[in-house]
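Asks: Structure for this input, please:
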Amino acid sequence: MTAVDFASFVERLAQVSGDVILPFFRSAIGAEDKSRGGVFDPVTEADRGAEAAMRRLIGQTFPAHGVIGEEYGVDRPDAEYVWVLDPIDGTKSFISGMPTWGTLIGLMHNGRPVYGMMAQPFTRERFTGDGKRARLRTLAVSRGDAPPSDWTTRALRTRPCASIAEATLSTTHPALIRDPADRAAFHRVEAQARLSRYGGDCYGYCALAAGFIDVVIETNLKPHDVVALVPIVEGAGGIMTTWEGDEASKGGRIVAAGDRRVYEEARALLTSV
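Replies: You can find the predicted model right below:
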């Protein structure tokens, strides 16, 4: 099977996860701190319920597939096909009532990301990519009491950007770049950027794929944070690697850019001593 063959199934995963999550958004939901005294790392009933729902559907439909999830760990990571799930990427935004969070659904084949979706059920957006193409599907709400209209689809493409001086830069927050040397490297890039924006979580990478942001820089990422996003960014014509230029799917220090010129400049600044 190819990644395209799984596209309709990914839509089902997005639907079941969104059905679990949406009733909790902008409600009186509580959050548990997973950090046990470290940097605040919240998890909610919505996170756990959505991942459990997706795992059940995967197990029923593709029992031989593996699953890696943020909340419930690893199951058969060496399988030919492995699903990588983050039910709510951006839980801090979620519990703050801000819509810059999303459900990340990634598929790996023989260890490489081949398909990804970032689903935002509140804004009714689904960003998808297979490394060659990327698109955005949006469900618009009709006026009055009429039911929602059909999904509309458009292709995504990153925008040209010749230099950091012309770039819009995104990171979730500099405080999450915990290593002082890494934080100093980020600020070297930020000091030269035209504009920087914080708080994007997974949405920043999708905004890059859509041509609104030029560079995303982050650290301390896990596979569930990035596997779904790599095929979207690359499918829109962008580049997404570690700061050293290695494959991004294992996480770590990540840089994504829409134009190779600004990517190379950002990497040079990040890795200079």
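Asks: and the helix or strand harbouring Phe94, what does it pack onto?
Replies: Taking DSSP states H and E as the criterion, Phe94 maps to helix 91-95. Taking 3 or more CB pairs under 8 Å, 6 or more residues apart in numbering; DSSP states H and E as contact, the helices and strands that helix 91-95 lies on are strand 42-43. In short, each C-beta sits where N, CA and C put it, glycine included.
Asks: Mind giving me the packing neighbours of the longest helix along the chain?
Replies: Using DSSP state H, we find that the single longest helix of the chain is helix 45-61. The contact analysis (3+ CB pairs under 8 Å, 6+ apart) places helix 45-61 against helix 7-21, strand 66-69, strand 81-89.
Asks: what's it in contact with?
Replies: Applying CB atoms under 8 Å, 6 or more residues apart in numbering, the contact partners of helix 45-61 are 9, 12-13, 16-21, 24-25, 29-30, 65, 67, 69-72, 75, 83, 85, 87-88, 91, 94, 103, 105.
Asks: please redo it, this time with the cut-off set to 6 Å
Replies: Residues from elsewhere that reach helix 45-61 (CB atoms under 6 Å, 6 or more residues apart in numbering): 13, 16-17, 20-21, 24, 67, 69, 71-72, 83, 85, 87-88.
Asks: Check stretch 246-256 too.
Replies: 113, 205, 208, 216-219, 221-223, 226-227, 230, 233, 240-243, 266.
Asks: From these, which land in helices?
Replies: Among the contacts of stretch 246-256, the members falling in helices (DSSP H) are 205, 208, 223, 226, 230, 233, 266.
Asks: Once you drop chain neighbours, what's closest to Arg159?
Replies: Gly211 (3.9 Å; CB to CB, 6 or more residues apart in numbering).
Asks: Could you do Thr241 as well?
Replies: Ala248 (5.3 Å).
Asks: Look up phi and psi at that neighbour.
Replies: phi -80, psi -20 (degrees, to the nearest 10).
Asks: so Arg137 touches Trp151, yeah?
Replies: Yes - if you go by CB atoms under 6 Å, Arg137 and Trp151 touch, sitting 4.8 Å apart.
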